[in-house]
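Asker: I need the structure of the sequence given here:
(one chain, ligands or ions: 2)
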Amino acid sequence: MRRLLFDFGTETVRMTADGSRQRKTQEPAIVAHQDGGNIVAVGAAAERMLGRTPDGLQAERPFAAGGVRSQKLAQALLRSMIGRISRSRWQRPEIVVALASGATALDRRAFLVLAREAGAARVSFAQLAACRALGLALPLFEPRGSLLVDVGASRTQIDLLSLGRTVVSATLPEAGDTLDDAIVRRLREHYNMMVGPATAKSLKHELLGGGADDALLYGRDLVSGLPRALRLQRSEIEAPALQLASHIASAVQDLLRVASPELVSDVAEAGIHLTGGGSRLQVLRHHLPDALGLPIHCDESPSESIVLGLDRLTDRRVREQLLRRGA
Ligand SMILES: Nc1ncnc2c1ncn2[C@@H]1O[C@H](COP(=O)(O)OP(=O)(O)OP(=O)(O)O)[C@@H](O)[C@H]1O
Ligand SMILES: [Mg+2]
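Answerer: Ligands and ions are numbered 1, 2, ... in the order given. Modelled structure (predicted):
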(Lines give C-alpha, C1' and ligand atoms only; values in the text may rest on other atoms or scores of the structure.)
(Ligands and ions follow the chains in the order given, each with its own letter.)
Protein backbone atom coordinates (compact mmCIF):
# COMPACT_ATOMS: atom_id res chain seq x y z
CA MET A 1 0.00 0.00 0.00
CA ARG A 2 1.21 3.51 -0.80
CA ARG A 3 1.99 5.47 2.36
CA LEU A 4 1.63 9.26 2.55
CA LEU A 5 3.14 11.02 5.55
CA PHE A 6 1.97 14.51 6.48
CA ASP A 7 2.82 17.46 8.71
CA PHE A 8 -0.29 19.65 8.52
CA GLY A 9 1.30 22.98 9.53
CA THR A 10 -0.68 26.19 9.89
CA GLU A 11 1.39 27.88 7.21
CA THR A 12 2.71 24.94 5.21
CA VAL A 13 1.62 21.34 4.66
CA ARG A 14 4.55 19.02 4.07
CA MET A 15 4.23 15.54 2.63
CA THR A 16 6.46 12.56 1.91
CA ALA A 17 5.20 9.68 -0.20
CA ASP A 18 6.59 6.23 0.42
CA GLY A 19 6.11 3.62 -2.29
CA SER A 20 7.68 2.58 -5.54
CA ARG A 21 9.55 5.88 -5.52
CA GLN A 22 9.72 8.44 -2.78
CA ARG A 23 8.40 11.88 -3.42
CA LYS A 24 8.24 14.97 -1.28
CA THR A 25 6.08 17.99 -1.73
CA GLN A 26 4.90 20.99 0.24
CA GLU A 27 2.13 23.51 -0.25
CA PRO A 28 1.17 26.76 1.44
CA ALA A 29 -1.80 25.83 3.67
CA ILE A 30 -4.29 28.19 2.02
CA VAL A 31 -7.52 27.63 0.12
CA ALA A 32 -9.47 30.29 -1.80
CA HIS A 33 -13.23 29.85 -1.95
CA GLN A 34 -16.37 31.71 -2.89
CA ASP A 35 -18.81 32.75 -0.19
CA GLY A 36 -21.19 30.04 -1.38
CA GLY A 37 -18.47 27.46 -0.79
CA ASN A 38 -17.02 26.73 -4.25
CA ILE A 39 -13.28 26.14 -4.08
CA VAL A 40 -11.43 28.46 -6.45
CA ALA A 41 -7.75 27.73 -5.78
CA VAL A 42 -5.56 25.79 -3.35
CA GLY A 43 -1.98 26.05 -2.12
CA ALA A 44 0.45 28.38 -3.88
CA ALA A 45 -2.26 29.64 -6.28
CA ALA A 46 -4.50 30.58 -3.34
CA GLU A 47 -1.60 32.20 -1.48
CA ARG A 48 -1.07 34.66 -4.32
CA MET A 49 -4.69 35.75 -3.86
CA LEU A 50 -4.29 36.56 -0.14
CA GLY A 51 -5.41 40.13 0.48
CA ARG A 52 -6.14 40.56 -3.23
CA THR A 53 -9.55 38.93 -3.52
CA PRO A 54 -12.65 40.72 -4.83
CA ASP A 55 -15.90 40.73 -2.84
CA GLY A 56 -17.37 37.28 -2.44
CA LEU A 57 -14.01 35.49 -2.59
CA GLN A 58 -11.85 34.59 0.41
CA ALA A 59 -8.47 32.96 0.94
CA GLU A 60 -8.28 31.09 4.27
CA ARG A 61 -6.08 28.67 6.16
CA PRO A 62 -7.62 25.21 6.72
CA PHE A 63 -5.35 24.30 9.69
CA ALA A 64 -4.42 26.13 12.89
CA ALA A 65 -2.57 25.36 16.10
CA GLY A 66 -2.02 21.72 15.19
CA GLY A 67 -5.70 21.08 14.41
CA VAL A 68 -8.23 21.33 11.55
CA ARG A 69 -10.01 24.71 11.29
CA SER A 70 -12.21 23.80 8.35
CA GLN A 71 -12.84 20.23 7.19
CA LYS A 72 -14.07 21.40 3.83
CA LEU A 73 -11.04 23.58 3.01
CA ALA A 74 -8.62 21.03 4.45
CA GLN A 75 -10.23 18.35 2.27
CA ALA A 76 -9.72 20.44 -0.87
CA LEU A 77 -6.04 20.97 -0.09
CA LEU A 78 -5.40 17.35 0.87
CA ARG A 79 -7.12 15.93 -2.20
CA SER A 80 -5.18 18.25 -4.46
CA MET A 81 -1.87 17.19 -2.89
CA ILE A 82 -2.73 13.49 -3.10
CA GLY A 83 -4.02 13.88 -6.67
CA ARG A 84 -0.73 15.37 -7.77
CA ILE A 85 1.36 12.41 -6.70
CA SER A 86 -0.99 9.51 -7.24
CA ARG A 87 -2.66 9.05 -10.60
CA SER A 88 -4.58 5.96 -9.61
CA ARG A 89 -7.95 6.42 -7.98
CA TRP A 90 -8.08 2.74 -7.10
CA GLN A 91 -4.98 2.48 -5.02
CA ARG A 92 -6.10 3.84 -1.66
CA PRO A 93 -3.16 5.02 0.47
CA GLU A 94 -2.30 4.77 4.13
CA ILE A 95 -2.18 8.31 5.53
CA VAL A 96 0.17 9.02 8.43
CA VAL A 97 -0.46 12.26 10.33
CA ALA A 98 2.33 13.79 12.43
CA LEU A 99 0.36 15.06 15.41
CA ALA A 100 1.63 17.69 17.87
CA SER A 101 1.69 16.57 21.50
CA GLY A 102 -0.63 19.49 22.34
CA ALA A 103 -3.33 18.05 20.05
CA THR A 104 -6.59 17.09 21.72
CA ALA A 105 -8.73 14.00 21.16
CA LEU A 106 -10.95 16.23 19.01
CA ASP A 107 -7.99 17.30 16.86
CA ARG A 108 -7.06 13.66 16.38
CA ARG A 109 -10.63 12.79 15.45
CA ALA A 110 -10.75 15.67 12.94
CA PHE A 111 -7.59 14.41 11.20
CA LEU A 112 -9.02 10.90 11.15
CA VAL A 113 -12.20 12.12 9.42
CA LEU A 114 -10.14 14.26 7.03
CA ALA A 115 -7.85 11.40 5.98
CA ARG A 116 -10.70 8.88 5.63
CA GLU A 117 -12.74 11.23 3.47
CA ALA A 118 -9.71 11.88 1.30
CA GLY A 119 -9.74 8.12 0.55
CA ALA A 120 -7.27 6.70 3.06
CA ALA A 121 -7.56 2.93 3.48
CA ARG A 122 -5.78 3.24 6.82
CA VAL A 123 -4.93 6.21 9.06
CA SER A 124 -2.03 6.27 11.53
CA PHE A 125 -0.54 8.87 13.81
CA ALA A 126 3.04 9.66 14.77
CA GLN A 127 4.25 12.27 17.24
CA LEU A 128 5.35 15.40 15.44
CA ALA A 129 8.14 16.11 17.93
CA ALA A 130 9.47 12.56 17.57
CA CYS A 131 9.56 13.00 13.76
CA ARG A 132 11.39 16.28 14.19
CA ALA A 133 13.89 14.65 16.58
CA LEU A 134 14.56 11.96 13.98
CA GLY A 135 15.05 14.61 11.29
CA LEU A 136 17.56 16.36 13.53
CA ALA A 137 19.35 13.05 14.21
CA LEU A 138 18.80 13.35 17.99
CA PRO A 139 19.18 10.17 20.10
CA LEU A 140 15.39 9.69 20.12
CA PHE A 141 15.26 6.01 21.05
CA GLU A 142 17.82 6.19 23.83
CA PRO A 143 17.05 6.80 27.50
CA ARG A 144 18.25 10.39 27.12
CA GLY A 145 16.36 13.65 27.36
CA SER A 146 16.17 15.87 24.25
CA LEU A 147 14.40 19.21 24.51
CA LEU A 148 12.80 20.51 21.33
CA VAL A 149 11.30 23.98 20.90
CA ASP A 150 9.31 24.21 17.65
CA VAL A 151 8.36 27.81 16.86
CA GLY A 152 5.78 27.54 14.08
CA ALA A 153 3.28 30.00 12.64
CA SER A 154 0.39 29.71 15.09
CA ARG A 155 1.97 28.07 18.13
CA THR A 156 5.20 27.17 19.88
CA GLN A 157 5.43 23.54 20.92
CA ILE A 158 7.92 22.46 23.57
CA ASP A 159 8.65 18.74 24.01
CA LEU A 160 11.03 16.91 26.29
CA LEU A 161 11.57 13.52 24.66
CA SER A 162 13.14 10.29 25.82
CA LEU A 163 12.89 6.65 24.67
CA GLY A 164 11.01 7.52 21.51
CA ARG A 165 8.31 9.76 22.89
CA THR A 166 7.37 12.96 24.66
CA VAL A 167 7.70 12.81 28.43
CA VAL A 168 6.53 16.36 29.20
CA SER A 169 5.27 19.02 26.81
CA ALA A 170 3.84 22.52 26.72
CA THR A 171 2.12 24.58 24.04
CA LEU A 172 2.24 28.37 23.79
CA PRO A 173 -0.39 30.03 21.60
CA GLU A 174 2.28 32.45 20.31
CA ALA A 175 4.72 32.15 17.41
CA GLY A 176 5.41 33.70 13.98
CA ASP A 177 1.83 34.91 13.38
CA THR A 178 1.87 36.80 16.69
CA LEU A 179 4.72 38.94 15.37
CA ASP A 180 2.97 39.58 12.02
CA ASP A 181 -0.08 40.86 13.93
CA ALA A 182 2.13 43.00 16.20
CA ILE A 183 3.83 44.57 13.15
CA VAL A 184 0.46 45.42 11.56
CA ARG A 185 -0.65 47.02 14.86
CA ARG A 186 2.59 48.94 15.36
CA LEU A 187 2.42 50.47 11.86
CA ARG A 188 -1.21 51.45 12.35
CA GLU A 189 -0.75 52.96 15.81
CA HIS A 190 2.61 54.70 15.33
CA TYR A 191 2.64 55.59 11.65
CA ASN A 192 -1.05 55.75 10.68
CA MET A 193 -0.22 53.21 8.06
CA MET A 194 -2.18 50.15 7.00
CA VAL A 195 -0.40 47.08 5.64
CA GLY A 196 -1.64 43.55 4.96
CA PRO A 197 -0.41 40.36 6.65
CA ALA A 198 1.83 39.43 3.71
CA THR A 199 3.72 42.75 3.96
CA ALA A 200 4.03 42.34 7.73
CA LYS A 201 5.44 38.86 7.26
CA SER A 202 8.02 39.92 4.71
CA LEU A 203 9.10 42.80 7.01
CA LYS A 204 9.52 40.26 9.81
CA HIS A 205 11.65 38.01 7.60
CA GLU A 206 13.84 40.88 6.44
CA LEU A 207 14.32 42.71 9.75
CA LEU A 208 13.93 40.05 12.44
CA GLY A 209 14.99 36.95 10.47
CA GLY A 210 17.58 38.36 8.08
CA GLY A 211 18.78 40.99 10.55
CA ALA A 212 18.63 44.02 8.18
CA ASP A 213 18.77 47.35 10.07
CA ASP A 214 15.88 48.87 8.12
CA ALA A 215 13.47 48.07 5.31
CA LEU A 216 11.36 49.99 2.84
CA LEU A 217 7.65 49.22 2.80
CA TYR A 218 4.55 50.39 0.99
CA GLY A 219 1.11 50.65 2.51
CA ARG A 220 -1.92 52.92 2.78
CA ASP A 221 -1.85 56.14 4.74
CA LEU A 222 -4.83 56.01 7.09
CA VAL A 223 -5.29 59.78 7.04
CA SER A 224 -5.13 60.49 3.30
CA GLY A 225 -6.19 56.99 2.25
CA LEU A 226 -3.44 57.08 -0.39
CA PRO A 227 -0.39 54.85 -0.97
CA ARG A 228 2.70 55.79 0.99
CA ALA A 229 6.28 54.54 1.40
CA LEU A 230 8.03 54.23 4.75
CA ARG A 231 11.49 53.18 5.88
CA LEU A 232 11.14 51.16 9.07
CA GLN A 233 13.98 50.52 11.54
CA ARG A 234 14.41 47.04 13.01
CA SER A 235 14.38 48.47 16.54
CA GLU A 236 10.76 49.59 15.95
CA ILE A 237 9.49 46.02 15.79
CA GLU A 238 11.91 44.16 18.02
CA ALA A 239 9.87 44.44 21.23
CA PRO A 240 7.22 41.79 20.38
CA ALA A 241 9.97 39.36 19.32
CA LEU A 242 11.73 39.91 22.66
CA GLN A 243 8.44 39.31 24.42
CA LEU A 244 7.97 36.05 22.50
CA ALA A 245 11.52 35.02 23.50
CA SER A 246 10.84 35.71 27.16
CA HIS A 247 7.52 33.81 27.08
CA ILE A 248 9.26 30.84 25.49
CA ALA A 249 12.04 30.98 28.10
CA SER A 250 9.48 30.98 30.94
CA ALA A 251 7.56 28.07 29.38
CA VAL A 252 10.80 26.06 29.04
CA GLN A 253 11.67 26.78 32.69
CA ASP A 254 8.19 25.72 33.85
CA LEU A 255 8.55 22.50 31.89
CA LEU A 256 12.02 21.76 33.32
CA ARG A 257 10.66 22.29 36.84
CA VAL A 258 8.33 19.31 36.46
CA ALA A 259 10.76 17.03 34.59
CA SER A 260 12.80 14.35 36.36
CA PRO A 261 16.32 15.39 37.52
CA GLU A 262 17.93 12.89 35.12
CA LEU A 263 16.18 14.39 32.12
CA VAL A 264 17.02 17.90 33.31
CA SER A 265 20.69 17.01 33.56
CA ASP A 266 20.59 15.57 30.01
CA VAL A 267 19.17 18.89 28.80
CA ALA A 268 21.79 20.85 30.74
CA GLU A 269 24.45 18.82 28.99
CA ALA A 270 23.00 18.59 25.47
CA GLY A 271 21.26 21.98 25.33
CA ILE A 272 17.99 22.92 23.63
CA HIS A 273 17.09 22.33 19.99
CA LEU A 274 15.31 25.27 18.43
CA THR A 275 13.37 24.47 15.27
CA GLY A 276 10.30 25.48 13.19
CA GLY A 277 10.23 28.46 10.81
CA GLY A 278 10.22 30.88 13.76
CA SER A 279 13.62 29.59 14.88
CA ARG A 280 15.02 31.88 12.19
CA LEU A 281 14.22 34.87 14.39
CA GLN A 282 17.57 36.33 15.44
CA VAL A 283 16.14 37.59 18.73
CA LEU A 284 15.32 34.04 19.84
CA ARG A 285 18.78 32.82 18.92
CA HIS A 286 20.42 35.62 20.91
CA HIS A 287 18.07 35.88 23.86
CA LEU A 288 17.32 32.24 24.76
CA PRO A 289 20.87 31.09 25.68
CA ASP A 290 21.19 33.98 28.19
CA ALA A 291 17.64 33.73 29.50
CA LEU A 292 17.95 29.98 30.09
CA GLY A 293 21.65 29.63 30.80
CA LEU A 294 21.68 26.66 28.41
CA PRO A 295 23.25 26.11 24.99
CA ILE A 296 20.84 26.48 22.07
CA HIS A 297 21.25 24.53 18.83
CA CYS A 298 19.48 26.17 15.91
CA ASP A 299 18.03 24.11 13.10
CA GLU A 300 19.47 25.64 9.94
CA SER A 301 16.79 24.13 7.70
CA PRO A 302 13.59 23.71 9.74
CA SER A 303 11.54 22.98 6.65
CA GLU A 304 13.81 20.09 5.71
CA SER A 305 14.22 18.57 9.17
CA ILE A 306 10.54 17.72 9.47
CA VAL A 307 10.48 16.17 6.01
CA LEU A 308 13.64 14.18 6.84
CA GLY A 309 11.87 12.97 9.98
CA LEU A 310 8.79 11.92 8.00
CA ASP A 311 11.16 10.11 5.62
CA ARG A 312 12.56 8.08 8.48
CA LEU A 313 9.05 6.70 9.06
CA THR A 314 9.39 4.86 5.77
CA ASP A 315 11.71 2.50 7.70
CA ARG A 316 9.65 -0.40 9.07
CA ARG A 317 11.52 -0.63 12.39
CA VAL A 318 11.07 3.09 13.05
CA ARG A 319 7.39 2.82 12.16
CA GLU A 320 6.85 -0.07 14.54
CA GLN A 321 8.13 2.08 17.40
CA LEU A 322 6.42 5.34 16.52
CA LEU A 323 3.15 4.73 14.69
CA ARG A 324 -0.21 4.42 16.41
CA ARG A 325 -3.22 3.28 14.42
CA GLY A 326 -6.19 5.66 14.22
CA ALA A 327 -9.24 4.24 15.97
N1 LIG B 1 13.45 33.87 7.67
C2 LIG B 1 12.48 33.94 8.57
N3 LIG B 1 12.50 34.89 9.56
C4 LIG B 1 11.52 34.98 10.46
N5 LIG B 1 10.45 34.16 10.50
C6 LIG B 1 10.38 33.19 9.56
C7 LIG B 1 11.38 33.03 8.56
N8 LIG B 1 11.02 31.98 7.76
C9 LIG B 1 9.85 31.53 8.23
N10 LIG B 1 9.45 32.25 9.30
C11 LIG B 1 8.21 32.14 10.06
O12 LIG B 1 8.03 30.83 10.52
C13 LIG B 1 6.63 30.56 10.62
C14 LIG B 1 6.31 29.29 9.87
O15 LIG B 1 7.00 28.23 10.48
P16 LIG B 1 6.62 26.71 10.16
O17 LIG B 1 6.74 26.46 8.71
O18 LIG B 1 7.42 25.88 11.09
O19 LIG B 1 5.08 26.75 10.58
P20 LIG B 1 3.94 25.65 10.39
O21 LIG B 1 4.51 24.30 10.69
O22 LIG B 1 3.28 25.80 9.06
O23 LIG B 1 2.91 26.14 11.52
P24 LIG B 1 2.52 25.50 12.93
O25 LIG B 1 3.66 24.63 13.37
O26 LIG B 1 2.29 26.67 13.86
O27 LIG B 1 1.25 24.74 12.68
C28 LIG B 1 5.91 31.75 9.98
O29 LIG B 1 5.42 32.63 10.97
C30 LIG B 1 7.01 32.39 9.16
O31 LIG B 1 6.80 33.78 8.94
MG1 LIG C 1 4.80 23.20 12.39
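Asker: what is the neighbour count of residue 254?
Answerer: When neighbours are counted by other C-beta atoms under 10 Å, residue 254 registers 12. Heads up, the C-betas are built off the backbone N, CA and C, glycines and all.
Asker: next, it: secondary structure please.
Answerer: When the structure is reduced to helix, strand and coil (DSSP: H, G, I helix; E, B strand; the rest coil), residue 254 reads as helix.
Asker: ok, it touching residue 169?
Answerer: No: if you go by C-beta atoms under 8 Å, residue 254 and residue 169 don't touch, sitting 11.4 Å apart.
Asker: who touches both of the two?
Answerer: When contacts are counted by C-beta atoms under 8 Å, 6 or more residues apart in numbering, residue 254 and residue 169 have no shared neighbour.
Asker: pLDDT score for residue 24?
Answerer: According to the model's per-residue confidence, residue 24 sits at a pLDDT of 85.
Asker: which residue packs closest to it, ignoring adjacent ones?
Answerer: Distances taken as C-beta to C-beta, 6 or more residues apart in numbering put residue 16 closest to residue 24, at 5.0 Å, once the chain neighbours are dropped.
Asker: can you confirm the one you found is in a strand?
Answerer: Yes: judged by three-state DSSP, residue 16 forms part of a strand.
Asker: adjacent strands (with direction) for the helix or strand residue 13 falls within?
Answerer: In this structure, residue 13 sits in strand 12-18 according to DSSP states H and E. Strand 12-18 has the following sheet partners, assigned by DSSP bridges: strand 3-8 (antiparallel), strand 23-28 (antiparallel).
Asker: which stretch among these comes nearest ligand 1?
Answerer: When these are ranked by distance to ligand 1, counting by C-beta to the nearest ligand atom, first place goes to strand 3-8 at 6.5 Å.
Asker: so what touches the closest one?
Answerer: Around strand 3-8, the neighbours that count as contacts under C-beta under 8 Å, 6+ apart are 13-19, 29, 63, 68, 74, 78, 82, 85, 93-98, 111, 126, 128, 131, 306-307, 310-311, 313-314.
Asker: redo that, cut-off 6 Å
Answerer: Residues from elsewhere that reach strand 3-8, judged by C-beta atoms under 6 Å, 6 or more residues apart in numbering: 14-18, 63, 93-98, 306, 310, 313.
Asker: what of stretch 248-263?
Answerer: Stretch 248-263 has contacts (C-beta under 6 Å, 6+ apart) with 145, 156, 158, 160, 168, 170, 172, 264, 291, 292.
Asker: mind running it again at 7 Å?
Answerer: By C-beta atoms under 7 Å, 6 or more residues apart in numbering, the residues outside stretch 248-263 that reach it are 145, 149, 156, 158, 160, 162, 167-168, 170, 172, 264, 267, 272, 284, 288, 291-292.
Asker: again, but for stretch 115-128
Answerer: In contact with stretch 115-128 (C-beta under 7 Å, 6+ apart) are residues 1, 7, 75, 78-79, 82, 92-101, 108, 112, 165-166, 313, 322-326.
Asker: ok and the residue in the stretch 201-327 of the chain nearest ligand 2?
Answerer: In the stretch 201-327 of the chain, the residue that lies nearest ligand 2 is residue 276 (5.5 Å; C-beta to the ion).
Asker: what about stretch 82-99, near ligand 2?
Answerer: No: using C-beta under 5 Å from the ion, stretch 82-99 never reaches ligand 2; the gap is at least 8.9 Å.
Asker: residue 217 belongs to a helix, doesn't it?
Answerer: No: with three-state DSSP as the criterion, residue 217 is strand rather than part of a helix.
Asker: now the closest residue to it other than its chain neighbours, what are its backbone angles?
Answerer: Beyond its immediate neighbours in the sequence, the residue positioned closest to residue 217 (C-beta to C-beta, 6+ apart) is residue 230, lying 5.6 Å away. Dihedral angles of residue 230 (phi, psi; degrees, to the nearest 10) stand at phi -150, psi 140.
Asker: can you list the domains in this structure?
Answerer: Taking automatic domain parsing as the criterion, the chain consists of the domains 3-131+305-325, 139-298.
Asker: ends of the first one, how far apart?
Answerer: In domain 3-131+305-325, first residue to last residue: 13 Å (C-alpha to C-alpha, to the nearest Å).
Asker: ok, now which ones touch the residue of the chain positioned farthest from its centre?
Answerer: For the chain, the C-alpha lying farthest from the average C-alpha position belongs to residue 224; by C-alpha atoms, centre = their mean, that distance is 37.7 Å. With contacts taken as C-beta under 7 Å, 6+ apart, residue 224 has no neighbouring residues.
Asker: which stretches of the stretch 51-200 of the chain form strands?
Answerer: Secondary structure of the stretch 51-200 of the chain (DSSP state E, counting those that start in this stretch): strands located at 57-60, 63-64, 67-68, 94-99, 122-127, 146-151, 156-162, 165-172, 193-194.
Asker: returning to what we had before: my read: the residue nearest to residue 24 touches residue 310, true?
Answerer: Yes: counting by C-beta atoms under 7 Å, residue 310 is a contact partner of residue 16 at 4.3 Å.
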